[in-house]
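Student: Here is my input, please return the structure:
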Amino acid sequence: MIYAELAGGLGNQMFIYAFARALGLRCREPVTLLDRQDWRDGAPAHTACALDALCLSPEVTILTQPGFAKRHLPRQNAAKALMIKYEQRKGLMARDWHGWESRCAPVLNLLGLHFATDGYVPVRRGPAKDFLAWGYFQGEAYFADCTDTIRRELRPQTPPAGPWAEAIRAAAYPVALHLRRGDYCKPENAILQVCTPAYYTRAAAAVAAARPDTTLFVFSDDVAWARQNLATAGLPVEFLPRGDAVGDMALMSLCRGFILSNSTYSWWAQYLADPGRAVWAPDRWYAHTKQTALYQPDWNRIETQ
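Tutor: Numbers count the residues shown, from 1 in each chain. Next up is the predicted model:
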C-alpha cells in the first residue's frame, strides 16, 4: 500500500494527490491519503482537506486518522520525524534542501519512505510492504507520465457556472490574475514575499502588449487590497468576490491567460486550463536562492525585483 500525508491548502494537496496517484499507477498499487487533521489544532502545515469536491479516482482513499502513520508505519514515521527535526534545526525555509534530500532518497526509499520538500526528488518504490510519502512534490515531473489521468481526476465534480463563468467565456481574451496575500504577508513567511505590486504592473503590461483584447479577472484572498493597489496597464478588469477554493480555481481555469502568484493554487489553475493557454509568472518563486521545480518551459517570466 502507498500512503501519502496531506499538507497545506488545496494546491499543495493536489500535488500530493498527483504524486501518490502516479506512483500507485506505476506500481499498480492502491493509494491512501492520510488526513492528519492538524488544522484543528491550528497547525500551519495543513488546512482542512479540500479534495472531496474533485473527481478523484475510487482507487484513492482518504483516511482521517491523525495518528495512523505513527501507529501503523512506525519505521517510516520515525525516519520522517528525524528528517523534519534535522531540517527545522538547520532552518527549513532558509535553505535549499534539494541536494540533501536527493542524497538521502535512495536509503529512505529502501526503508519505505519518500521525503521531499524542495524541487524534484526521483522516487523508487523499494521492497517495503508499505510506503509512506511526506512532502510537497511540487512539480509536473512527479506525474509527467500520467498527465491525462491527473488532469481528469483533479477537475471539479461540478463544472463552473453562473454569471462569472459566463463573463469569462464571453470575454475576447480572459486572463486570470491571482494575487495571494493572507499568510504570505506574515513576517515568518518573508521567503514567499516575491510578487510585489511592481511585478503585477509589469505582468499586466506584458499581457497588454501581447493581447490588447485582454480582460483581466482578478482572484484574490484580499480583494479590497487588490482594488486599491493593482495597476492593470489600461486593461479592463473585473474583481471577483472570493468564493470557495475549488469553485474559484474552476473559474480561473476557464481563462486563456494567467498572471500567476508564487502559489501552487494558481499553478493548478493554469495547468487545468485548455491547451494553448499563456502564462506570465514571477521570475523567482522564493525571495532567495531556494529553488523550485514548478516552472514550465512555455511560461513568460516577469521580473520581480
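
Student: quick one: the residue lying farthest from the centre of the chain from Val207, how far?
Tutor: Distance from the C-alpha centroid of the chain, by Cα atoms, centre = their mean, peaks at Gly234 (30.2 Å). Counting by Cβ to Cβ, to the nearest Å, the separation of Gly234 from Val207 is 11 Å. Where you see a C-beta, it was placed from the backbone N, CA and C, and this is true even at glycine.

Student: mind listing the helices in the stretch 51-200 of the chain by residue range?
Tutor: Secondary structure of the stretch 51-200 of the chain (DSSP state H, counting those that start in this stretch): helices located at 68-72, 74-90, 98-111, 147-153, 163-170, 197-210.

Student: and if you look at the stretch 201-305 of the chain?
Tutor: Going by DSSP H, counting those that start in this stretch, the stretch 201-305 of the chain shows helices at 223-229, 245-253, 264-271.

Student: Redo these as TSV? Include mean pLDDT and mean neighbour count.
Tutor: Output for the helices of the stretch 201-305 of the chain, formatted as TSV (pLDDT from 0 to 100; neighbours: other Cβ atoms under 10 Å):
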stretch	mean pLDDT	mean neighbour count
helix 223-229	92	13
helix 245-253	96	22
helix 264-271	96	24
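
Student: any idea which helix or strand carries Leu25?
Tutor: According to DSSP states H and E, Leu25 maps onto helix 10-27.

Student: Buried residues of that helix, list them for me.
Tutor: Buried residues in helix 10-27, counted by 16 or more other Cβ atoms under 10 Å: 10-25.

Student: how about stretch 163-182: buried residues?
Tutor: Neighbour-count burial for stretch 163-182 [16+ other Cβ under 10 Å]: 164, 167-168, 171, 173-181.

Student: ok, back up a step: and the helices of the stretch 51-200 of the chain: which comes nearest Gln270?
Tutor: Nearest of the helices of the stretch 51-200 of the chain to Gln270, taken as Cβ to Cβ: helix 147-153 at 11.7 Å.

Student: Skipping adjacent residues, who's closest to Asp244 in space?
Tutor: Take Asp244 and drop its neighbours on the chain: the residue closest to it by Cβ to Cβ, 6 or more residues apart in numbering is Ala53, 8.0 Å away.

Student: Mind telling me which residue is nearest the centre of the chain?
Tutor: Centre-nearest of the chain using Cα atoms, centre = their mean is Thr264, 2.6 Å out.
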